[in-house]
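A.B. asks: Sequence unavailable; structure follows:
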């Protein structure tokens, strides 16, 4: 039996969107096989029928291929998925994203974020980001306490997947603002740009399925290594 679902968006559409986001950001590689339908149903806490509706949506958008008797595969020929997200890519194109957590802690909300509607506390995550194992950026994420509290020892490379699994939080929309900003003093030596160097900078605000502003992140990236890209259909 499926869990009670309060979002106005049907659950199968939320699941399809999340899988699409993971395809776009490289968490699910092009050509890779998705988990079996029953395993996905358990993972998302829904029926197999709901999963099949989600997979049908993804197939209609050419994001996956359904191979009879074999399973569902990320479409290696798909270049412009309908759920495209802003992202960083290597100069040569693409790159599999991974991340190393530098620090994760519960903090009092800075005053600058309270003016954006944040509550009194939240989780701060600092990460070193990679593409194809090359360190290309650093990131600081603020997750508002209204979203819930994360298990600090069980945070995946895909934060969206982590939010879904631990908090039943679904990203519904995001806004990016791109600029330049000096590399902060907490930057690790693995990120090749020295502290104080002007780097590419992305500020992202994210809303959940109930249209609550629950996350804001800041990413400093090396423009000599990567481009900031949005794929449009």
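C.D. replies: Looks like it arrived, so ask away. Only a predicted model underlies this, so the values are computations on that prediction, with no experimental measurement involved.
A.B. asks: which residues in this structure form strands?
C.D. replies: Using DSSP state E, the strands of the chain run over 64-67, 71-74, 87-90, 97-108, 121-131, 134-144, 171-182, 198-208, 213-221, 226-229.
A.B. asks: separation between the spatially most central residue of the chain and residue 108?
C.D. replies: Nearest to the geometric centre of the chain sits residue 160, at 4.3 Å (Cα atoms, centre = their mean). Here residue 160 is placed at a distance of 25 Å from residue 108 (Cβ to Cβ, to the nearest Å). For glycine as for every other residue, the C-beta is placed from the backbone atoms N, C-alpha and C.
A.B. asks: Check the offset of the lowest-mean-pLDDT helix or strand in the chain from the chain's centre.
C.D. replies: Every helix and strand of the chain was ranked by mean pLDDT, DSSP states H and E. The lowest is helix 111-114, at a mean of 75. Mean-position distance between helix 111-114 and its chain equals 23 Å (Cα atoms, centre = their mean, to the nearest Å).
A.B. asks: what's next to it, contact-wise?
C.D. replies: For helix 111-114, contacts defined as Cβ atoms under 8 Å, 6 or more residues apart in numbering pick out 120, 142, 216.
A.B. asks: What is the burial count for the last one?
C.D. replies: Other residues near residue 216 number 20, with proximity taken as other Cβ atoms under 10 Å.
A.B. asks: Test my guess that it contacts residue 142.
C.D. replies: Yes. Using Cβ atoms under 8 Å, residue 216 is in contact with residue 142, at 5.1 Å.
A.B. asks: about what we covered before: for residue 27, which of the strands of the chain is the nearest?
C.D. replies: When the strands of the chain are compared by Cβ to Cβ, strand 97-108 sits nearest residue 27, at 7.1 Å.
A.B. asks: How about residue 174: which residues does it bridge to?
C.D. replies: Per DSSP bridges, the residues bridged to residue 174 are residue 206.
A.B. asks: quick one on the thing from earlier: now render the strands of the chain as TSV, adding mean pLDDT and distance to residue 22.
C.D. replies: TSV is the format used below for the strands of the chain (pLDDT from 0 to 100; distance: least, Cβ to Cβ, whole Å):
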stretch	mean pLDDT	distance to residue 22
strand 64-67	86	11
strand 71-74	88	9
strand 87-90	85	12
strand 97-108	92	10
strand 121-131	94	16
strand 134-144	95	17
strand 171-182	90	11
strand 198-208	93	15
strand 213-221	93	17
strand 226-229	90	17
